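In: sequence below, structure please.
(4 chains)
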Amino acid sequence: MVAPPPGKSPHLAKLEQLPLAEVFEPSHLELLAQIASQEDYAAETTLFRPGDEAQWFYAVVSGRVSLTLQVPGRAPTIVASLSRGDLFGWEALRVDSRRDITAVASKATQCLRCSGAALRELCELDHELGYRVMSHAFDRVARDLSDCRVRLVDMYGQGC
Amino acid sequence: MSARLTHDGFRRLLEQVREAGYALVGPTISDGAIVYGPIAGADDLPIGWTDEQAPGRYRLRERGDRAHFGYVLGPQGPRRQLTPPVETLVRIRLGPRREQGPRTPEGVEAADEDGEPLALIGLRACELAAMAVQDAVWTGGPFVDPRYARRRERALIIAVDCLEPGELCFCVSTNTGPGVEAGASFDLRLTELGEEFLVEVGSERGQALIDGLGELAEPSTAQLFAARTQGVLAAAMELHGRERQLDLDGLPELLFANLDHPRWDELAARCLSCGSCTLVCPTCFCHRVEERAPLDAPTSERVRHWDSCFTDEHSRIHGAQFRPQIRERYRQWMTHKLGAWVSQFGTSGCVGCGRCIAWCPVGIDITEEVAAIRAAPVAPDDAEPVALPPATTVPALAGDPMHPQLARVVSVREELREVVTLAVEPVGVFSHAPGQFNMLGLPDVGEVPISISGQAGGELLHTIRAVGAASRALVALEAGDRLTLRGPFGSAWPLAELRGHNVVVIAGGLGLAPLRGALREMVAHPERYPSVRLLYGARSPEELLFADEILSWDRSIRFAPTTAPAVLESGHVKVHVTVDGAAPGWTGHVGVVTKLMRRKPLSAHARYLVCGPEIMIRFVLRELETIGVAQDQVWLSMERNMKCAVGMCGRCQYGPHFICKDGPVFRWDAIAGLLGREGF
Amino acid sequence: MTTEEERDHKQPPSAVELGADERVYKVEMLARVEGEGRFWLRLDAAGEVADAKLAIFEAPRFFEAFLRGRDLEEVPDIVARICGICPVAYQMGAVRALERILGVDPPSPGIRSLRRLLYCGEWIESHVLHVFMLHAPDFLGYESAIEMAADHRARVEQGLRLKKVGNAIIEVLGGRAIHPVSPKVGGFSRTPTVAELAALRPRLEAALEEAEAVVEWSAGLPMPALELDYVFVSLASEDYPIEFGDEVLVRGRGRDERVDVDEFLDHFVEDHVAHSNALQCRLRDGTPYLVGPMARLNLFADRLHPRAARALERSGLALPVRNPYQSIIVRAVEVVHAFATALDIVTNYTRRVEPAFVELPPAGARAGRASGGTEAPRGLCWHRYETDAEGLIVDARIVPPTSQNQARIERDLVGLAPQLLAMDHGAATRRCEQLIRAYDPCISCATHFLKLEIERG
Amino acid sequence: MAARPRLGVFKLASCDGCQLTLLDLEDELLAIAAAVDIVHFPEASSDMDPHGRFDLTLVEGSVSTPAQLDELRAIRAQSRTLVAIGACATAGGVQALRNFADHREYVRAVYATPAYIETLAQVTPIAAHVRVDFELRGCPIDKGQLLELISATLVGRRPDIADESVCMACKRAGQVCVTVAHGQPCLGPVTHAGCGALCPRFSRGCFGCYGPRERANTEALADHMQAEGVSAASLVRRFRLFTGWSEAFRAESERHDD
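Out: As a prediction, the model looks like this:
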């Protein structure tokens, strides 16, 4: 187990208010806050685009982030929108991975972000923390996957 | 009063009946079977003939005596006479052919009146019981079919006791025979004893006929004893002793608990799904309604045809087939006949006549199938049990529910691509409750159920998407055109029950239309509905229905970047919108409606109204379950193949429910066991 | 032979290099005939016929092969499918031949008269269709009866009305006008009740009167002059030949010849010619001959129903008829004969014919070989079957009327040639097509008997 | 007035009976001719335009020669709504019986003069080659259904032609079942309705000329027939008739054909 470093991170308070705080011990939150930084994005700022190295892992504090897919020859489509509490940029949890989607702040947005490498290292050091990060991540990804499946059937397109 | 009647007396009785203005319908030999058909008199009866029956087998045989009713049962009961297999409901005068699309209606005429009243001769106890079942279907509910009612009321019934039940009879199991009980609905009852009949009078009409025969001998006690005790009771005892029985005890629950029994698969391997059982069954009533509008004919007709739950068409709705497998079709028939029937009509749909066994081309025996399931029930799976609600009791409505009015299109508002709202002006005062639907139609193409998406003064709003031929034709109507309208039908959103509660409305796609009336009501009355939230999902921002109106309910939201981001003080209504995908610039939510539900903390104590495609409803309900919302706090609106809209055609059956009559708005617990189940 | 070359046989010589002053009349797709065919007539510089062909490109259907191995009781259903216009002709020919094998020929007088009634329905339906819908527009200058209806609506409606009565007869007896279901070896699966036939009577009476008037109308149509020499061939019977007859009468080569139906193939031969998917039938010496209404009337006018005989007399048509265009009048006369015969049968039907069919010998005793002929609307239709003991078909031969007339049609085109030289090309081509149409050729029938031999081993 | 919809009638390998059904609509023919422009119908009119655009095309017959295949593709290319009419067009028809001959033997088949004849190895329904908008069944098709088809197409709705068993029509007609009451084998339970239960009305079993209905449980029917004494050879012949090349009937006949 890794002991939290002395001194409170300035981001801990923000982190504690996010829904993900529920799954972590206070000590874990402190550790996470240590590697996190707060970023403010003006509307229309692009956070990353396909091909970029997947360096950062994000949590939305306020505002909105749109994930957009660009299919050549077609207008770009927003496929998901993220708001307070949502996590994104999961690619950063994998080693040497790249982005395959565009993330844009669709209005003035504040995020907490941490480096994927730092987070992976932290998880490696503290398996209890690692387990919670990964099971939380799994829960969110599983829900996203389920939502995606629902969208596959283009359900609103039916009669009714 | 009872009397004795010789063969000659009986012959004179029939002559009298004919002279009294009745058309005689009685058993007569045709194509190698004894069928009910028009007869001229007693000579046309199958005197001296009987029938031998076995599963999938029927043969005539000479008896060697002069018995007039010495046979068991023909292939079809009097259902044929009371609800003809093909019957015109209304005629609609048509306007001129137009450049495009169907002709519009100009007048509605009732179909022709019947001719002479019928005298139904030779009906057995099981057939009287079947008639009572059909009475419940056609005349016992909130709607009355005037055609059936008229024929039934006018028909003279001469019933006959069964003294020699057939091989396939099991009426003692269903308590519908073999003797015709004194209280049954007959004008005269005959008991055939050798060369004469005992006749019992059951009505004034019957009495008058007997009186017309002059002085008749009264039966002795010994004769009465021979008829009732030795005859009927002995027949009943014999039936009791037989192997073929149908144990009705707890049968609805047993069948609905065994929807996944392997026996259904075994059945499906043998069943031809030909529909014969349903069309020989004296209580089946399913039908389809067709538009008959031949080229350039000046009128079109709405015609009903006997249909069957074994046909493809019966459970089809623009492209979707709810019961594609034979297994599901047979299961539908049996669970309805022996199960749901009880909750719908207060009686089993089986009267033990054995016709479905005899006339099944491969001899499937319903009693055997039930026995097999009863002998080895499978433990109910972890799916919710199917609730079998008591029959709905709604006050009767007057008039012919199949007779449409001609309503005028006042205006057409294009909502979305291929979606319009028709403002329609009905004739006379029209009142409805939000959630109900109307049947809108055009005589060249047919009728479709369309929910009422609002009422503005005398104008009824219907929001329609062009998906099938009929809806496409409706969408193409213009102001001033006329269409046929029947309604309002179905259940409504429980607005009264919602008072004082926080209400969450979850809608998807066009599912907002049936909810709009309720939402308008709640928006207008903050004092009754302290908090109203609408979660609405659509495919894209362009496909958000009623966008302007939604905006007016909650000024804090904005749909499109063009809308000014002015945040007004929100009232008691809060609207959240999500889309499946959007072009850049959209600042609203993207994702399915269930994701939106997770994002907006929802209360376990609120009341929920849900409408949208069935698949969305299922996911929404799963989410509500997670939150811990009780089933009695959720109402949802279902869609199926509504055709008659009054619970008579059988097409929109959903387990024990008729969606048109018991729905479309259901409380979750009523249909929880059925949602997402294959074959329903 | 390559595919290219093969096709050439059925193609008109449009691509063929024409010599100077050669003339070609051709129609790529014959209209208002049943089935698909084309013709061409090529005249050389001297105006002599170089080539006259009726090419039938309707796809062959190999019926005789399908029949092999089928139960003889299935034959009436199968042969009906040879032709949608004259299914009854095939059914009746088949049951005659098969009943002769089984020794139940005819099953009973009642069944025979119901068969004649059924056949009358088909004659009416087929002839009326031809007279009003297919042929008459030629004489009045229309492309179709539908176009003709714009100016002659009452006439076209009359045709439809008469045709409907013909169909009604078939429907009462056989269920449906096309491929009726009741005819069977040994009789019918079901015979009509007295009431069912009686219901036809008023319609037949009215139709008969109308049909008599049609004869006069047809005789008044403007008709091209043409006189040709024919050998006439028809089934012979005690009556005007329809559904029954055991001999074939040949007239036109000196003394009348009579041929037993069982010896038909000893006197008539079928050949496969390159330009046609149908077999061509000729007399053994190669002479083309004519079957159909003109042949029947010329041979048996004395056996016409009196009302038809009177109608013929009133029409002024002189016998023997040798102008093929006049066949429209002959058909109209036969329609009267059919209506009058049908009315007699219906009037005399006072007891339902029962049993509807006679029992056939049991399986194991059904072997044999026999022929049967009937007079289809278009002429003699001849069948021969061989069965094994179980009653399965071992061999089947069917000679339909149109393959018999095919060689004769080509000969007619040759006979027409001298008239064409003086006409403009379009008119001459139309005249040729009209000549072919006068035969009411049933091309779909004609093509279905190419033999499919399977070499085994 | 807008141009009338253009109707084309074509035939491939067939007996002409289905297109004759159009001419057999004696009471409605002139009304149809008024409502649609009959552009191509060689059996009825010499005014032919096979190259037009067709709003409704009726095709009779099955594909049995290379030329027919070319023609069919050309017809499809010009047609808005293409309807296959009859057993030949929808199931191959009686001529598809030759498909059951052993193929190797078949290619060595000898005709009277084989070189003159061109045929494809197999006779096929038209849906095997081109998209078909609707299949009107029957050998022959039913007049009433044809009229319904035309009426429906003119107003843009799907024809109200139920894919249900012959038993449904038979029972509605009040006909006594020939199987149950007379022991006659009958294909009615597995056959598409439309004929009005004609054969049972004429005291005989259905022989399947409308082809299989949806969910045709041919196996159950054949097993039952066999139990009642129908031989395997007879079962093969019963399923192998005018709609014998349809998937359901073909599979069933092959199941009994050793």
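In: convert stretch B:420-432 to CSV, retaining C-alpha atoms only.
Out: Taking Å, rounded to 0.1, in the frame of the first residue of the first chain, the C-alpha atoms of stretch B:420-432 are listed here in CSV:
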residue,chain,number,x,y,z
VAL,B,420,-46.8,15.0,-39.9
THR,B,421,-49.4,16.0,-37.4
LEU,B,422,-52.9,15.9,-38.8
ALA,B,423,-55.3,18.2,-37.1
VAL,B,424,-58.6,16.5,-37.6
GLU,B,425,-62.1,17.8,-37.0
PRO,B,426,-64.4,15.0,-35.9
VAL,B,427,-68.2,15.2,-36.2
GLY,B,428,-69.8,16.3,-33.0
VAL,B,429,-68.3,16.5,-29.5
PHE,B,430,-65.3,14.3,-29.0
SER,B,431,-63.7,13.7,-25.6
HIS,B,432,-60.8,11.6,-24.9
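In: is chain A contacted by that stretch?
Out: No. Using Cβ under 8 Å from any Cβ of the partner chain, stretch B:420-432 stays clear of chain A, coming no nearer than 14.4 Å. Just so you know, the C-beta spots here come from the backbone N, C-alpha and C atoms, and that holds for glycine as well.
In: so where is chain D shaky, pLDDT-wise?
Out: Applying pLDDT under 70 to chain D flags residues D:1-2, D:50, D:102-118.
In: show me the domain layout of it.
Out: D:6-155, D:166-255 (automatic domain parsing).
In: any idea how far apart the tips of the longest one sit?
Out: Think domain D:6-155. Terminal residues of domain D:6-155 are spaced 14 Å apart (Cα to Cα, to the nearest Å).
In: next one: that domain to chain centre, how far?
Out: 9 Å (Cα atoms, centre = their mean, to the nearest Å).
In: what of the last one?
Out: If you compare the mean C-alpha spot of domain D:166-255 with that of the full chain, they lie 16 Å apart, counting by Cα atoms, centre = their mean.
In: and that domain, does that touch chain B?
Out: Yes. Applying Cβ under 8 Å from any Cβ, one finds domain D:166-255 touching chain B at D:167-168, D:171-177, D:179-183, D:186, D:188-190, D:203, D:213-215, D:217, D:219-221, D:224.
In: what's the first-to-last distance across that domain?
Out: 23 Å.
In: same check, this time on stretch B:506-515
Out: Terminal residues of stretch B:506-515 are spaced 9 Å apart (Cα to Cα).
In: hmm, that stretch touching chain A?
Out: Yes. Stretch B:506-515 lies within reach of chain A by Cβ under 8 Å from any Cβ, at B:Gly508, B:Gly509, B:Leu510, B:Gly511, B:Ala513.
In: what comes into contact with that stretch?
Out: A:155-160, B:419, B:434-435, B:437, B:451-453, B:463, B:465, B:493, B:505, B:534-539, B:543, B:545-546, B:593, B:597, B:608-613, B:616, B:620, B:637, B:664 (Cβ atoms under 8 Å, 6 or more residues apart in numbering or on different chains).
In: swap the cut-off to 7 Å and go again
Out: For stretch B:506-515, contacts defined as Cβ atoms under 7 Å, 6 or more residues apart in numbering or on different chains pick out A:155-156, A:160, B:419, B:435, B:451, B:453, B:463, B:465, B:505, B:534-539, B:545-546, B:593, B:608-613, B:616, B:620, B:637.
In: next one: stretch B:92-104
Out: In contact with stretch B:92-104 (Cβ under 7 Å, 6+ apart) are residues B:105-108, B:298-300, B:442-445, B:473, B:476, B:481-484, D:2, D:155-156.
In: which of those residues count as buried?
Out: Buried members of the contacts of stretch B:92-104, counted by 16 or more other Cβ atoms under 10 Å in any protein chain shown: B:105, B:108, B:299-300, B:442-445, B:473, B:476, B:481-484, D:155-156.
In: so which of these sit within strands?
Out: Applying DSSP state E to the buried ones among the contacts of stretch B:92-104, the entries found in strands are B:Pro105, B:Val108, B:Thr299, B:Ser300, B:Leu442, B:Arg482, B:Leu483, B:Thr484.
In: just the strands in the chain please.
Out: Just going to use chain A. Ranges of strands within chain A are A:36-41, A:46-48, A:56-62, A:65-69, A:77-82, A:87-88, A:102-105, A:109-115, based on DSSP E.
In: ah, I was thinking of chain D
Out: So, for chain D - with DSSP E - the strands run D:6-11, D:37-40, D:54-60, D:79-85, D:134-136.
In: make JSON lines out of the ones you listed and add distance to B:Val629.
Out: Output for the strands of chain D, formatted as JSON lines (distance: least, Cβ to Cβ, whole Å):
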{"stretch": "strand D:6-11", "distance to B:Val629": "59"}
{"stretch": "strand D:37-40", "distance to B:Val629": "62"}
{"stretch": "strand D:54-60", "distance to B:Val629": "54"}
{"stretch": "strand D:79-85", "distance to B:Val629": "50"}
{"stretch": "strand D:134-136", "distance to B:Val629": "47"}
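In: need the residues that contact stretch D:161-170.
Out: Contacts of stretch D:161-170 (Cβ under 7 Å, 6+ apart): B:274-276, B:279, B:308, B:311-313, D:145, D:148, D:177, D:188-194, D:196-197, D:200, D:206, D:213-214.
In: list phi and psi for whatever residue of the stretch 351-500 of chain B ends up closest to chain C.
Out: Chain C sits closest to B:Pro361 of the stretch 351-500 of chain B, with a gap of 19.0 Å, by Cβ to the nearest Cβ. Main-chain torsions, B:Pro361, degrees, to the nearest 10: phi -60, psi -20.
In: give the full set of residues in contact with it.
Out: With Cβ under 7 Å, 6+ apart, B:Pro361 has these contacts: B:Gly56, B:Leu272, B:Cys274, B:Ser276, D:Cys177, D:Thr179, D:Val180, D:Pro189.
In: can you check B:Asp135 too?
Out: Contacts for B:Asp135 (Cβ under 7 Å, 6+ apart) come out as B:Arg152.
In: nearest to chain D, out of the strands of chain A?
Out: With Cβ to the nearest Cβ as the criterion, chain D lies closest to strand A:77-82 of those, at 30.9 Å.
In: please save the CA atoms from the closest one in CSV.
Out: C-alpha atoms of strand A:77-82 as CSV (Å, rounded to 0.1, in the frame of the first residue of the first chain):
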residue,chain,number,x,y,z
THR,A,77,-20.9,12.9,-36.0
ILE,A,78,-20.9,13.4,-32.3
VAL,A,79,-21.3,9.9,-30.9
ALA,A,80,-21.2,10.7,-27.2
SER,A,81,-21.3,13.7,-25.0
LEU,A,82,-19.7,13.8,-21.6
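In: so what does B:Pro146 look like in phi/psi?
Out: Main-chain dihedrals, B:Pro146, degrees, to the nearest 10: phi -70, psi -30.
In: per-residue pLDDT of B:Leu60, please?
Out: Per-residue confidence at B:Leu60 stands at 97 (pLDDT).
In: quick check, it in a strand?
Out: Yes. B:Leu60: assigned to a strand according to DSSP: H, G, I helix; E, B strand; the rest coil.
In: ok but C:Glu157 is inside a helix, no?
Out: Yes. Counting by three-state DSSP, C:Glu157 is found in a helix.
In: roughly how far apart are it and B:Leu675?
Out: According to Cβ to Cβ, to the nearest Å, C:Glu157 stands 60 Å off from B:Leu675.
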